[in-house]
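Student: next comes the sequence, and after it the predicted model I'd like to discuss.
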Amino acid sequence: MSEVTQRCRNCQTMVTGEYCNQCGQREGRADQRFRDLAGELLGDVFDMDSRFWRTLFFLLFRPGFLSAEFIAGRRARYLPPLRLYLVISFVVFLVMSFAASYAIDSDGGVVVQGADDVVVAADDAASDTPGDESEDTDDGLAEIDLADENSPQWLKDLDERAETNVVKIKDDPREFIEAMVSYLPQMMFLLLPVFALLVQFAYLFSSFHYLQHLVFSLHYHSFVYLLFLLAQAIELLQVHVDGWLMIALFVYLPLAFRKTYGSGWRGAVGKSIFVYLSYAVTLMMGFAGVAVLALMLL
């Protein structure tokens, strides 16, 4: 073998095995045939899937197990928390973008159902009723009032833009809903550390630190997204499981607290109630912010 083939093509370090001991690049496979390369790629995929599916199993059926394993330092057997979140959230928001293909209902409104079963409807019936034009312009988003006569000019400009966009939304809300759906991934990613902060407040006097709570937050949100995907898959079979899924959602968190943090039942339930209520308020504020942002940027 010539000297060229004995050197790493990435860093030029002499390679004595299959991998470069300097940069880690895999060498010795430059002259593979297509079937060899395809077999190698399939092997990598199946190896990835093995760890991925193992992680999904524990995420679904062993609440808090993955976070406890990560904190204990047993991490190589499972998908890293951030990668797990990114993979599942990508699929979730992709599904949501398809779900945001609106169907015009019998009343002429647009109905969209998203991950949180929030239905956005624009009913034009009122606009067709004589003498009700003032009521039509004052409902829903038209009640947004950002500025008055004493406000600075930039706020007045925003208010004027909002009023103009409200008219556009009432005519065709599709662009507005598309904008909202496009901002949801960023919003939820920004709320991950907020959820972790709430868990830290719940365990303020424990020995656990914030980064461990952040790992727990990544795992919990991954579970919620996975639950949503399962719900969508089951809905395709015309089977309604909303009640069971809500029970699973509420039961999961205290079980996860018990496994990850070693809480007793009373403490786990109490902390879960605190986190659920606090995070519900945070989510409502987040969705309101996303709605205003989408309205301003139309």
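Tutor: Sure, I can see it.

Student: mind listing the helices for the stretch 151-298 of the chain?
Tutor: All helices of the stretch 151-298 of the chain, identified by DSSP state H, counting those that start in this stretch, fall at 153-171, 174-202, 210-235, 242-261, 265-296.

Student: quick one: closest of those helices to residue 81.
Tutor: Closest to residue 81 of the helices of the stretch 151-298 of the chain, according to CB to CB: helix 210-235, at 4.0 Å. Placement of C-beta: from N, CA and C, glycine included.

Student: helices and strands around that closest one, which ones?
Tutor: Counting by 3 or more CB pairs under 8 Å, 6 or more residues apart in numbering; DSSP states H and E, the packing neighbours recorded for helix 210-235 are helix 34-61, helix 65-72, helix 81-99, helix 174-202, helix 242-261.

Student: same question for it, mean pLDDT?
Tutor: Rounded to a whole number, the mean pLDDT of helix 210-235 is 93.

Student: can you list the buried residues in it?
Tutor: Of the residues in helix 210-235, those buried by neighbour count under the rule 16 or more other CB atoms under 10 Å are 212-228, 231.

Student: report how many residues lie close to residue 271.
Tutor: Neighbouring residues of residue 271 were enumerated by other CB atoms under 10 Å; the total is 20.

Student: check contacts around the closest residue in space to it that isn't next to it in sequence.
Tutor: Distances taken as CB to CB, 6 or more residues apart in numbering put residue 202 closest to residue 271, at 4.0 Å, once the chain neighbours are dropped. By CB atoms under 8 Å, 6 or more residues apart in numbering, residue 202 lies in contact with 271, 274, 275.

Student: from residue 17, how far out is the residue nearest to residue 291 when sequence neighbours are not counted?
Tutor: The shortest distance from residue 291 to any residue other than its chain neighbours is 6.3 Å, reached at residue 180 (CB to CB, 6+ apart). For residue 180, the distance to residue 17 (CB to CB, to the nearest Å) stands at 53 Å.

Student: who has more neighbours out of these two?
Tutor: Just comparing residue 180 and residue 17: by other CB under 10 Å the higher neighbour count belongs to residue 180, 22 against 8.

Student: where does the prediction get shaky in the stretch 1-150 of the chain?
Tutor: Across the stretch 1-150 of the chain, the stretches falling below the confidence threshold (pLDDT under 70) are 1-5, 27-49, 100-150.

Student: got a pLDDT number for the residue nearest to residue 271?
Tutor: With respect to pLDDT, residue 202 scores 96.
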